[in-house]
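> sequence? don't have it. structure:
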């Protein structure tokens, strides 16, 4: 039942040493190894945080088309998409804000410097080997943004893929997708590539049908993922990875011009409140955006001696977005936009194995954010320098980890965050965890400098989190239970026409994860109870916007011989679209079915039906009203793996 993974994975984020309890020479297949929790390899069963791992095997079994579908099945993780595929996607971990989690691709930060969020809905799942999701604050290790948690997307390399595979899919809404993947190892070098092209006619993202808004909103995505690894010696390894998704997405918007009302003499007509009378003219226009997101990661791992391992990682990511219209001048309507973000970073990580069965980690971080936009920002770049340490002590049945980090932000000065985690094995199969962690989030460039709608005096948001957890192996059923409380100060919310540090929130939650095998079926159950409450004077006692207080997901998969079938049921309670809790969005339940059949060793067929009951539901509302959900979708896939 336990997911297994080969320890020889060419991870670009961390050194290739292992903890004292992990020895690659003794076992080629061991428990799942994660790297995101502490930036060093850790066995999942010995982790001190709430961890979920989605493997390549899971991605293939669930037949998920995008990260929106894939990650919504995790405990305390909720996703929102503004309409059709390719539209803006928001991800909330443990009820925190959508920009309060850190997103990495092969250990490199991704996201926009303007809005502070990552365009997760555009990342191709065919290039992913696994996803590690750490729930809870990790600012003491990663710095800003890691309040709700960390999502690390690790791409495929030659050790984890067939030498060659071609996969093609067709489905509802004119969907077509083709993927080519290949990997090989030649001596000390390894090479892998994943090429993907995706196109769909989509659905109409909103219910508004006026001024050409009633058309379908299509989406195109061309993806490429390349990886190279080289074993310099037994004690030195180098890896390089590059990932890109180049997209085009239609969306609904009104092209509206405003004009002053004039009297007979051509003068503006004043209003009773001190302004002037205006009228508006809306024109027909088609609008789409083009977004390209890239990440480049290089890593050098050195095993200096039996007690000291070192890793140097350099990375760069971009997020370039621009709006277009084939039949309108967007500058007339205030819709013309170009936002190009570049993140440049470097990390030097050193881990020392001490004689008392403990590990000391020392690291230095550097990050520079740069924004190139049509909008005039008085400040368009900033850097952050940081030093961090971790000390982990393990003894018989006990485990303690202390972490601290000092950040020096060019705009906001110095900030210190700490964490304390502890675990105790109360029996051979039950482990209790406790953790305390702090987090912070710097205001985005939009928050600080957007013309007429910003506040340059904003302070960083701060959080404190306490958590109790239990992990158990009950005769093949694996259970994880967590109770957490997070308090956030200086929460940035809109008040009037500008954002302000006016709010506080307290989020208390209970999360459950269960994996078990019963009568040949592999079941995965997750559930979350959440109380995401605003505790400031304004909107005190209200629920944070777009957070469901109850959610659950159940996966079931059965395979026999060359056949396999499965289902997913997802359900969540109602949410509110705004902090004032004036617009209620109803809860919903969806059902997905899937099946696969191996025609031969070389040919495989899959079929997937999402939202089988064609349930209509709404998770977000904007200036054009409610965004539609994806209705019933069918997808048929054929994969060919040649024999050599």
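Nice, thanks for sending it over. All values derive from a computational prediction rather than experimental measurement.
> So which other helices or strands are in contact with the helix or strand hosting residue 289?
For residue 289, the enclosing helix or strand under DSSP states H and E is strand 287-305. Other helices and strands packing on strand 287-305, by 3 or more CB pairs under 8 Å, 6 or more residues apart in numbering; DSSP states H and E, are strand 108-109, strand 236-251, strand 308-324. Yep, even glycine has a C-beta here, placed from its N, CA and C like the rest.
> Out of those, indicate the one that is most buried.
Compared across the helices and strands packed on strand 287-305, strand 108-109 shows the largest average neighbour count, a mean of 25 (mean count of other CB atoms under 10 Å).
> Give the next helix or strand downstream of it.
strand 128-135.
> ok, residues contacting that following strand?
Under the contact criterion CB atoms under 8 Å, 6 or more residues apart in numbering, strand 128-135 has outside partners 5, 9, 34-37, 49-56, 59, 67, 70-71, 74-77, 93-94, 148-157, 160, 482, 511.
> So which of these sit within strands?
5, 34, 50-55, 77, 93, 149-155, 482, 511 (DSSP state E).
> which residues touch the residue nearest to residue 289 when sequence neighbours are not counted?
Spatially, and ignoring its direct neighbours in sequence, residue 289 is nearest to residue 323 (5.2 Å; CB to CB, 6 or more residues apart in numbering). For residue 323, the contact set (CB under 8 Å, 6+ apart) comprises 287, 288, 289, 330, 335, 336, 337, 338.
> how about the helices and strands packed on strand 287-305 in JSON lines, adding mean pLDDT?
Shown next, in JSON lines, are the helices and strands packed on strand 287-305 (pLDDT from 0 to 100):
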{"stretch": "strand 108-109", "mean pLDDT": "96"}
{"stretch": "strand 236-251", "mean pLDDT": "96"}
{"stretch": "strand 308-324", "mean pLDDT": "96"}
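> Those strands: which one's closest to residue 561?
Closest approach to residue 561 among these (CB to CB): strand 236-251, 36.1 Å.
> List the pairing partners of whichever helix or strand comes after the closest one within its sheet, with orientation.
Next along the chain after strand 236-251, taking DSSP H and E as the criterion, comes strand 255-260. Strand 255-260 sits in its sheet next to strand 278-283 (antiparallel), going by DSSP bridges.
> contacts for the partner strand?
Strand 278-283 has contacts (CB under 8 Å, 6+ apart) with 210, 211, 254, 255, 256, 257, 258, 259, 260, 261, 328, 333.
> Name the residues of it that are buried.
Residues of strand 278-283 classed as buried: none (neighbour count, 16 or more other CB atoms under 10 Å).
> Please apply the same query to stretch 524-543.
Going by 16+ other CB under 10 Å, stretch 524-543 has these buried residues: 524-530, 532-536, 539, 542-543.
> next one: stretch 611-628
611, 617, 618, 619, 620, 621, 624, 626, 627, 628.
> Do you know the pLDDT at the first one?
This points to residue 611. If you check residue 611, the pLDDT there is 96.
> Next up, phi/psi of it, please.
Main-chain dihedrals, residue 611, degrees, to the nearest 10: phi 50, psi 60.
> which ones are touching it?
Per CB under 8 Å, 6+ apart, neighbours of residue 611: 590, 591, 592, 629, 630, 631, 632, 633.
> So what touches stretch 344-359?
With CB under 8 Å, 6+ apart, stretch 344-359 has contacts from 14-15, 17, 19-20, 39-40, 107-109, 306-316, 360-368, 370, 390-395.
> In ChimeraX, how would I select the buried members of those residues?
Here is the ChimeraX command that picks out the buried ones among the contacts of stretch 344-359, judged by 16+ other CB under 10 Å:
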select :14,15,17,19,39,40,107,108,109,309,310,311,312,313,314,315,316,360,361,363,365,367,368,390,391,392,393,394
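> gap between the closest residue to residue 330 other than its chain neighbours and residue 375?
Leaving out its chain neighbours, the residue that sits closest to residue 330 by CB to CB, 6+ apart is residue 336, at 4.1 Å. Distance, residue 336 to residue 375, by CB to CB, to the nearest Å: 10 Å.
> pretty sure residue 64 is in a strand, no?
No - Residue 64: not assigned to a strand; according to DSSP: H, G, I helix; E, B strand; the rest coil it is coil.
> That one against residue 70, yeah?
Yes - using CB atoms under 8 Å, residue 64 is in contact with residue 70, at 4.0 Å.
> residues bridging contact with these two, i.e. touching both?
Each of residue 125 lies in contact with both residue 64 and residue 70 under the rule CB under 8 Å, 6+ apart.
> okay, the two: which has more neighbours?
residue 64 (23 against 20; other CB atoms under 10 Å).
> what residues are up against the more buried one?
By CB under 8 Å, 6+ apart, residue 64 lies in contact with 70, 125.
> Could you report the pLDDT at it?
Residue 64 is given a pLDDT of 87.
> next one: the one 4 residues further on
pLDDT, the model's per-residue confidence, is 85 for residue 68.
> any idea how far residue 287 is from it?
22 Å.
> try residue 228
From residue 228 to residue 287 the distance is 39 Å (CB to CB).
> Which of the two has more residues huddled nearby?
residue 287 (23 against 18).
> does the more buried one have beta-bridge partners, and which?
residue 251.
> Could you list which residues are in contact with it?
Taking CB under 8 Å, 6+ apart as the contact definition, residue 287 lies against 250, 251, 252, 253, 255, 323, 324, 325, 328, 330, 335.
> How about the secondary structure of residue 141?
Reduced to three states with three-state DSSP, the structure at residue 141 is helix.
> what's it in contact with, if anything?
Applying CB under 8 Å, 6+ apart, we find residue 141 in contact with 38, 39, 388, 390, 403, 405, 419.
> Could I get the residues you listed in a markdown table, plus columns for secondary structure and pLDDT?
Formatted as a markdown table, the contacts of residue 141 follow (DSSP: H, G, I helix; E, B strand; the rest coil; pLDDT from 0 to 100):
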| residue | secondary structure | pLDDT |
| --- | --- | --- |
| 38 | coil | 88 |
| 39 | coil | 88 |
| 388 | strand | 97 |
| 390 | strand | 96 |
| 403 | strand | 96 |
| 405 | strand | 97 |
| 419 | strand | 96 |
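> could you flag which of these are buried?
38, 39, 388, 390, 403, 405, 419.
> what's the distance between the host helix or strand of residue 557 and the middle of its chain?
Residue 557 belongs to strand 550-560 when assigned by DSSP H and E. Relative to its chain's centre, strand 550-560 lies at 21 Å (CA atoms, centre = their mean, to the nearest Å).
> Torsion angles phi and psi at residue 176?
Dihedral pair for residue 176: phi -140, psi 140, per degrees, to the nearest 10.
> And the one 10 residues further on, by the same measure?
Residue 186 has phi and psi values of phi -120, psi 100 when expressed as degrees, to the nearest 10.
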